[in-house]
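Visitor: I need the structure of the sequence given here:
(chains A and B)
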Amino acid sequence: MKEPDYFESGNGVRIVCGTDSLKMIPDLLKEVKASRPMVISDTHVKQTGLVDLLYQSLPKDLKPAAAVEAEPARCSLTEVYRIARIFTQSECDAILALGGGSVIDVAKGVNLAVVEHVEDITPLAGLNGLMHALFPLIAVPTTAGSGSEATWTAVISDPDEHRKLFFMSKFILPTAAVIDPVLTVGLPPIATAAGAVNTLAHAVEAALSAARNPISSANAVSAVRLIRSNLFKVMNCPDDLSARRSLSLAACLAGMAISESMPGIVYALGHSLSALCRIPHALCTAILLPYGLSYDLPNIRPIADQLLLHLAGPEKYAQTPRHLRPEQFIATLYAINQKLSELTGGEYVMSLSALNRPEERPRIPQDLLTAVAAAAHNNLTLFFHSNSIEKEELLHILEHAWEGRYFDKN
Amino acid sequence: MSSGASLFVYHNPTKILCGCYALNHLPHELSQLGVDLPFVLIDDRISPAMVKKIIAAFRGSGITLALFEDVPLEPDEKQLREMVVLYSENNCNAVIAVGKDSVVNTARLLALTLTDPDMDPAKFSGRHRIQARLTPLVQIPCGLYCEHGGLPQIQSKRRSAISPLLLPDLAVLDSSLFKPSEPLDGILSLLPALAICLEAVAGRLSNPIIESLAMSTAAYVMDCLTGLTEQRVDGFDNAFLAHAQITSGIVMAGSDLLILPMLTDALARTCGSGRGILSGILIPYLAEILARKYPEAVGNLLMACQPAQVFAFTAEELKARCTANTLHEMMQRLSLISSGRITTTLEDAGVPWKSLDRIAQSTAIGQTAEKRWDVETVLKLLTHAWRGIPIAITAKECFDYKKN
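Guide: Just a heads-up that it's a prediction; the model follows:
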């Protein structure tokens, strides 16, 4: 019964979750008195027919005032400014963001650019830089991982500076998150796997954060349990809508959890790696998760013990001697990654070096790791880590993750 | 493609500021809501020192307070209209309720009247009949709620309205506004919250996000109860207990029809016992009845009732029975340490035997649409709770569950 001296909790996003939830979008728009929504998606989402699926859910009298596709995998300031201009020219009054975390983050960036009437949003980066309510934003995730549909953070890359900017304000939180598992059915196995482990990373780090509160911890634990019960169901049967819904819900819950308690080492490293090497954030985080946590194990033992129950289930928990439960928790994370690698035919890799293909230009040059560690060290989220961490320690984690070498501190 | 992915909607509009100096964050939060002229209803039982403390939190914030200090316990229509006039004359744009249950009730009535000037309480009685979004509402409890203060509910002339739209936009739970109380009093005020959360999880009534919230609240309350009965704690920061009350309100708003709050309200009208004691009596019996219908959900509740070790070591098919037994034992221990002040039977709580049938009938009728509870089952729950005889879950039933 140990509470923080003070905490805040509350996430006002309206969540509509389940099959056919797209049909609720007209009601949600009506509720916020919006009649000229802009649809933001990306080319991949458009090609897979999901944009058409969204249009089918809209009545004839509610057609989007504008529709744009953001550059896939490039959630950048350039895209934000380009789309913001179209939003203003088309006199839109709401945003429907259909896509993964990057698309939703671009939509958040567009929203703050148009409301703040600025050509340059970089001065608004950081905590609580906004003072006005934004246009209604309805986030419709097509992946299950980032949880961006339920966070008040927008992460937007600044290509000129090779960095990712964090915009954090309660005004950035979407008005509603419409989670329809049908939209995730076509995801390739690698994306499902990386998304789910990214969710796991968010949830676990939220549970371990120094800024956790009872609500964020509850959401984090629920996300972990949903991943345990549903990840391999989906990997083995991608059409299982019930399990798909649970994975999407887990991502949303983990998003709510990190919004309140902030993530830690893995998230910070994942972001820097993703920004500097242009690799999807979810994949970076998924690879780094066991390495980051095993390095930090001495500091997280009591919570790792509890998390084992939720991640591995009561039987495994009961079978494991009490003093070995934290190690078993880390071993379970490795085992999950191992199994996902097998199920994806090796496409889901377990080390950073494995992302580099022979005879191709390396995606992650080893000599870049020092710069990644330095960038991660400046990440705002590390402020909420339970103990201070040095640049050299971050580099140490990256080196282990690069080589696929586990930490063994015993 | 499987089709089992049913639709649910979740919305929790309440932001909670909880703990030391929570009050200091209020002006900033109000500004974010666009509020600069709140109408502050102050319970006349609140000490002047507390009122001063609240006013001081706004100093230099640019927010002007319109204070209304003589809030009647149960305002009539004329008094409500007077408040509306004052609110409008001062160009207020939010209602703040400082105090306990009655002032919260008045604040909600006022918010409703401001939204619909011809407000007729009869029009809104029942569930989910309030349609329009209300004026921003802030709750600053000074002491734990004893009645419906933490719940999304209005009481007016024996009518009751329940709606998620009655949840506050902000709840400010500042430790300094809570006087230290007897731990047992704190626990009594928490038992209704525990009942709501247990029913929401055990009855599979809610959506997964509400379930997560209910589970954590139930675990927190059970942890407090265990600490108390094992004499590990001798007092609580009541702001955190109030947090459990507010979250149980969010759980109630997000769940379908819950039977325990209705039953305790009905039982309270027949005897001198409060909702805390009555909720506590009913909790284990409810768990026993739900264990037959939803053994897995009740079994999962063991996680909230016992340490992880016990949950993990209990066989799957016995978890539901273990949950119910734990709750029975808890109530017995509370009765013991309170020297019988917390009773474990409805008979000892003063509920007349002859009222049970009528209460079962009226409560089950309210549940007809959902077909969750029939009169016979409600009566079984009440008669067992009146006599104090557990509704035994046999080993055979447990193993049948495993087979199925």
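Visitor: Nearest residue to the middle of chain A?
Guide: Nearest residue to the geometric centre of chain A (Cα atoms, centre = their mean): A:Ser146, 1.9 Å.
Visitor: Could you check what's spatially nearest to that residue, not counting adjacent residues?
Guide: A:Gly101 (2.6 Å; Cβ to Cβ, 6 or more residues apart in numbering or on different chains). In short, each C-beta sits where N, CA and C put it, glycine included.
Visitor: do you know how far the one you found is from A:Arg278?
Guide: 15 Å (Cβ to Cβ, to the nearest Å).
Visitor: just A:Met24 next, same as before
Guide: Taken as Cβ to Cβ, the span from A:Met24 to A:Arg278 is 36 Å.
Visitor: Can you show me the helices along the stretch 51-200 of chain B?
Guide: Counting by DSSP state H, counting those that start in this stretch, one finds helices in the stretch 51-200 of chain B at the ranges B:77-89, B:101-115, B:121-124, B:183-202.
Visitor: again, but for the stretch 201-350 of chain B
Guide: B:208-229, B:238-254, B:259-268, B:275-293, B:295-300, B:302-305, B:308-313, B:319-337.
Visitor: Name the residue in A:Met24 and A:Arg278 with the higher neighbour count.
Guide: Between A:Met24 and A:Arg278, counting by other Cβ atoms under 10 Å in any protein chain shown, A:Met24 is the more crowded of the two (21 against 14).
Visitor: Excluding chain neighbours, what is closest to that one?
Guide: Closest residue to A:Met24 apart from its sequence neighbours, by Cβ to Cβ, 6+ apart: A:Val16 at 4.8 Å.
Visitor: so where does the one you found fall, helix or strand?
Guide: strand A:14-17 (DSSP states H and E).
Visitor: Show me what that strand is packed against.
Guide: Where contact means 3 or more Cβ pairs under 8 Å, 6 or more residues apart in numbering or on different chains; DSSP states H and E, strand A:14-17 is packed against strand A:176-179, helix A:241-261, strand B:8-10.
Visitor: Tell me the first helix or strand C-terminal of that strand.
Guide: Counting by DSSP H and E, what follows strand A:14-17 is helix A:25-31.
Visitor: and that next one, what's its mean pLDDT?
Guide: Mean pLDDT, helix A:25-31: 93.
Visitor: Quickly check: that helix near chain B or not.
Guide: No. Legend: contact between helix A:25-31 and chain B by Cβ under 8 Å from any Cβ of the partner chain is lacking; minimum distance shown is 9.0 Å.
Visitor: which strands and helices sit next to that helix?
Guide: For helix A:25-31, the packing partners by 3+ Cβ pairs under 8 Å, 6+ apart are strand A:137-141, strand A:176-179.
Visitor: Try it again at 10 Å.
Guide: Secondary-structure packing of helix A:25-31 (3 or more Cβ pairs under 10 Å, 6 or more residues apart in numbering or on different chains; DSSP states H and E): strand A:14-17, strand A:94-99, strand A:137-141, strand A:176-179.
Visitor: for the record, mean pLDDT for the helix or strand hosting A:Ala375?
Guide: Assessed by DSSP H and E, A:Ala375 sits inside helix A:369-377. Across helix A:369-377, the average pLDDT comes to 93.
Visitor: can I assume B:Thr383 is in contact with B:Lys354?
Guide: No. With contact defined as Cβ atoms under 10 Å, B:Thr383 does not count as touching B:Lys354 (11.8 Å).
Visitor: Look at these two and report which has more neighbours.
Guide: B:Thr383 (17 against 8).
Visitor: which residues does whichever residue of the stretch 101-250 of chain A sits closest to chain B contact?
Guide: With Cβ to the nearest Cβ, the shortest gap between the stretch 101-250 of chain A and chain B falls at A:Ala218, namely 3.2 Å. The contact partners of A:Ala218, by Cβ atoms under 10 Å, 6 or more residues apart in numbering or on different chains, come to A:9, A:207, A:212, A:253, A:256-257, B:209, B:211-217, B:219-220, B:247.
Visitor: Can you select the buried ones among those for me in ChimeraX?
Guide: Buried members of those, defined by 16 or more other Cβ atoms under 10 Å in any protein chain shown, are picked up in ChimeraX with:
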select /A:9,207,212,253,256,257 /B:209,211,212,213,214,215,216,217,219,220,247
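Visitor: And for residue 392, the neighbour number?
Guide: Here I'm looking at chain A. 10.
Visitor: wait, chain B
Guide: Look at B:Ala392: counted by other Cβ under 10 Å, it has 11 neighbours.
Visitor: Just give the closest residue to it, not the sequence neighbours.
Guide: B:Glu288 (7.8 Å).
Visitor: Check whether the one you found really touches B:Asn325, as I assumed.
Guide: Yes. At 9.2 Å, B:Glu288 and B:Asn325 qualify as touching, with contact defined as Cβ under 10 Å.
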